[in-house]
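Trainee: make a model of this:
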Amino acid sequence: MEPYQIDETVDITDVVCPITFVKAKVALEELDEGQIISIRMNDGEPVQNVPRSIKEEGHQILKLVNNNDGTYSLIVRKSGE
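Mentor: Have a look, this model is predicted:
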């Protein structure tokens with residue numbers, strides 16, 4: 001079992017960069033500090049860009065999971081601003 005509980009899930013596989021990060025950021029803003037979100041995104045550009053952008057915002061990347069279907073799930077803990 002994972003050492004964390006996912007509080008929220010957002011699927012951004014239907015959008016392309018830079019909207020991917022915008023959508024992920026909006027979802028993160030709705031969380032409380034310390035809550036964990038799973039962000040499902042397509043392989044390729046989003047996997048390159050979204051984790052980096054989220055890290056730059058100061059949030060903690062816990063894990064990047066390959067769903068083996070062309071998508072990844074990025075597990076992020078929200079940090080306080």
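Trainee: from here on, contacts and neighbour counts on C-alpha atoms
Mentor: Will do.
Trainee: residues contacting A27?
Mentor: With contacts taken as CA atoms under 8 Å, 6 or more residues apart in numbering, A27 has the following neighbours: V10.
Trainee: for it, phi and psi?
Mentor: According to degrees, to the nearest 10, the main-chain angles of A27 amount to phi -60, psi -40.
Trainee: Provide a list of residue ranges in this structure with pLDDT below threshold.
Mentor: 1-2, 81 (pLDDT under 70).
Trainee: distance of S73 from L62?
Mentor: Applying CA to CA, to the nearest Å, the value for S73 to L62 is 11 Å.
Trainee: who has more neighbours out of the two?
Mentor: S73 (22 against 14; other CA atoms under 10 Å).
Trainee: who does the more buried one bridge with?
Mentor: Beta-bridge partners for S73, by DSSP bridges, are R40, V65.
Trainee: residues in contact with it?
Mentor: S38, I39, R40, M41, L64, V65, N66, N67.
Trainee: for E57, see how far away the residue nearest to the fifth one when sequence neighbours are not counted is.
Mentor: When you say that, I think you mean L64. Leaving out its chain neighbours, the residue that sits closest to L64 by CA to CA, 6 or more residues apart in numbering is L74, at 4.5 Å. Distance from L74 to E57, counting by CA to CA: 15 Å.
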